[in-house]
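**Student:** Starting from these lines, generate the structure:
(chains A and B)
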Amino acid sequence: MYKIFLLIVGFQISIFVQAQDMTALVMKVKTKLDQVNNYEADGNMKTDVSFIKAPVGKVKIYFKKPNKFRLKKEGGISLLPKGGVSVNMSSVIATNDFVALASGESIVNGTTCKIVKLLPINEASEIVLTTLYIDEPNLLVRKAITTTKENGTYEMEMNYGVFAKYGLPEKVIFSFNTKDYKLPKGITLEFDDNEKALSDAQKLKNKKGRVEITYTNYIINKGIADAIFVK
Amino acid sequence: MLTLIQIELYKIFRRPRTYIAFGAIAALILIIQFGLKLDGKSYSDFLMKDIGGSMVIDGNIINGYLICYIMLQLLLVHVPLLVALIAADMISGEANMGTLRLLLSKPYSRTELLLAKFLAATVYTIMLLIWLAILALFLSMWIFGLGDLFLMKSSYVVLINQNDVFWRYAGAFVFAALAMVTVAALGFFLSIFAENSIGPIVATMSFIVFFTILSTLNIPIFNVLKPYLFTTHLISWKEFFDLKVNDANEAIIGSIQNPQRIITSALVLLLHIIGFVGGAIFIFNKKDVLS
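**Tutor:** Residues are numbered from 1 along each chain as shown, chains lettered A, B, ... in the order given. Model (predicted):
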């Protein structure tokens, strides 16, 4: 009986220690990201959603601590996945109110990463669960899968370049589930019937959307006016 | 010939009814612009309801380009009726006033007279479209500003870069001119059979309504007929506002999804114009004019 008790206590302690370790790792990543108080970057955005025909567009990206983010197409219209307003890691781990649990290791684009599950402590949080794939030696998040209450699950995959020392990616691939899109022809005033019906396989494939942002020309910690974030 | 066209144009623009069409278009456009200027946000929110489930849209959607597209969609269905008002009156109006025989006594052939009348009706139609372009496109650009064109079709949306839009409107208006001249040709053709204006005007409108309904009905038996009906091709100007995508699902700037459809439609409309005007000349040359 005594041995069983010791075993359970030992197991609990090991889990606790592991969770502590992961919190430390996440905090190290957060400290690295915290070097950046604000940034402004140029970028190219590619939208790959079955029901959207959009060309690759030049965008300006603005970020300011703690979680202000704006992606703006100069004089134009930009389409972002709902819930993806935080298309950056700083926003994903903006607070300290989380529990970090180790969940093994995995290889992301040839880099071995620690898998960390982040559970928010605040019950009112929009995020239910975030899984981070952390490149431990470089303290970089290579991939993040976030499940939200309202906007489903979205996945971010990050590639890094010269701004890796700030934890800022060179390219972010954002994947998300899309809902069906259909407007009555009476509203769109389309009376011709030239569209071919999609096959079931196509419909299934079409449920997944992708937004790809390639960042160039970061300007870091030079200050950004709050007015930029007002829509 | 030029003198004949000038005389016909003088006759057209001397009549008060000519300006009804210009007035009606101005009134409709101004009221739509006024409504959208005041409450464009609600209209765009209503349209975005479906796409809003997956995407967030940032930017000025209600801009001059979108307003013009909305108005063309609404107006180009009704402009044929305004065109018919003049074109269907070209010969029957003369017969009604008893001036047709007098006109034919001039030292011009019947073919020349008919061609001059048709060309005058064409000038009127093109002027109506220029008026439409000034108000719907240029005035909207001035009032609402410029921006990317975001179009919501029934099963997909199209985002066209601001600098890739204007040439599409130029193409759409040229195509619309061809479409409206087809309507003018139909009205002109019908006008040779009557001795009063009302008959051909109503007949032209009836033909357009009848064929438009056949063109839009999705009953398989009528699908065989659709490619041959000119009303099916009147709306092909919309093809200018659909982009081609590559294998990576990137829309190609400067492309048109289905250029062949524009060419086919233009050819069908051109054939109708030749058919209607040629038919009118052939029949009128054999006609015993008594009025």
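
**Student:** Contacts only, for the closest residue to chain A within chain B.
**Tutor:** Nearest residue of chain B to chain A: residue B:59, at 3.5 Å (CB to the nearest CB). No exception for glycine: its C-beta is placed from N, CA and C like everyone else's. By CB atoms under 8 Å, 6 or more residues apart in numbering or on different chains, the residues touching residue B:59 are A:73, A:76, A:77, A:78, B:147, B:148, B:150.

**Student:** In chain A, what residue comes closest to chain B?
**Tutor:** Per CB to the nearest CB, residue A:77 is where chain A lies closest to chain B, at 3.5 Å.

**Student:** Give me the nearest residue to that residue, chain neighbours excluded.
**Tutor:** residue B:59 (3.5 Å; CB to CB, 6 or more residues apart in numbering or on different chains).

**Student:** Please apply the same query to residue B:233.
**Tutor:** residue B:265 (3.7 Å).

**Student:** and what of residue A:112?
**Tutor:** residue A:105 is the one closest to residue A:112 (CB to CB, 6+ apart), at 6.0 Å.

**Student:** That neighbour reaches residue A:111, doesn't it?
**Tutor:** No. Using CB atoms under 8 Å, residue A:105 is not in contact with residue A:111, being 10.7 Å away.

**Student:** more crowded one of the two?
**Tutor:** Comparing residue A:105 with residue A:111 by other CB atoms under 10 Å in any protein chain shown, the one with more neighbours is residue A:111, at 17 against 12.

**Student:** Next, see if stretch B:242-250 gets close to chain A.
**Tutor:** Yes. With CB under 8 Å from any CB of the partner chain as the measure, stretch B:242-250 is seen reaching chain A through B:242, B:243, B:245, B:248, B:249, B:250.

**Student:** Which one (most neighbours) among these?
**Tutor:** In terms of neighbours by other CB under 10 Å, the residues of stretch B:242-250 next to chain A top out with residue B:243 at 22 neighbours.

**Student:** That one should be in a helix, yeah?
**Tutor:** No. Under DSSP: H, G, I helix; E, B strand; the rest coil, residue B:243 sits outside any helix and is assigned coil.

**Student:** Leaving out sequence neighbours, find the closest residue to it.
**Tutor:** Counting by CB to CB, 6+ apart, residue B:243 lies nearest to residue B:251, which is 4.1 Å off, once chain neighbours are set aside.

**Student:** sec struct for the most centrally placed residue in chain A, please.
**Tutor:** Taking CA atoms, centre = their mean, the centroid of chain A lies closest to residue A:156, which sits 4.2 Å from it. What three-state DSSP gives for residue A:156 is strand.

**Student:** Next SSE downstream of the one helix or strand in chain A whose mean pLDDT sits lowest?
**Tutor:** Lowest on mean pLDDT, DSSP states H and E among the helices and strands of chain A sits helix A:200-205, with a mean of 49. Counting by DSSP states H and E, the next helix or strand C-terminal to helix A:200-205 is strand A:208-220.

**Student:** Can you give me the buried ones in that following strand?
**Tutor:** Neighbour counts over strand A:208-220 (16 or more other CB atoms under 10 Å in any protein chain shown) mark A:209, A:210, A:211, A:212, A:213, A:214, A:215, A:218 as buried.

**Student:** so the last one touches residue A:163, yeah?
**Tutor:** It refers to residue A:218. Yes. Using CB under 8 Å, residue A:218 is in contact with residue A:163, at 5.3 Å.

**Student:** Within range of chain A, give me the residues from the stretch 51-200 of chain B.
**Tutor:** B:51-61, B:73-74, B:146-148, B:150, B:152-162, B:164.
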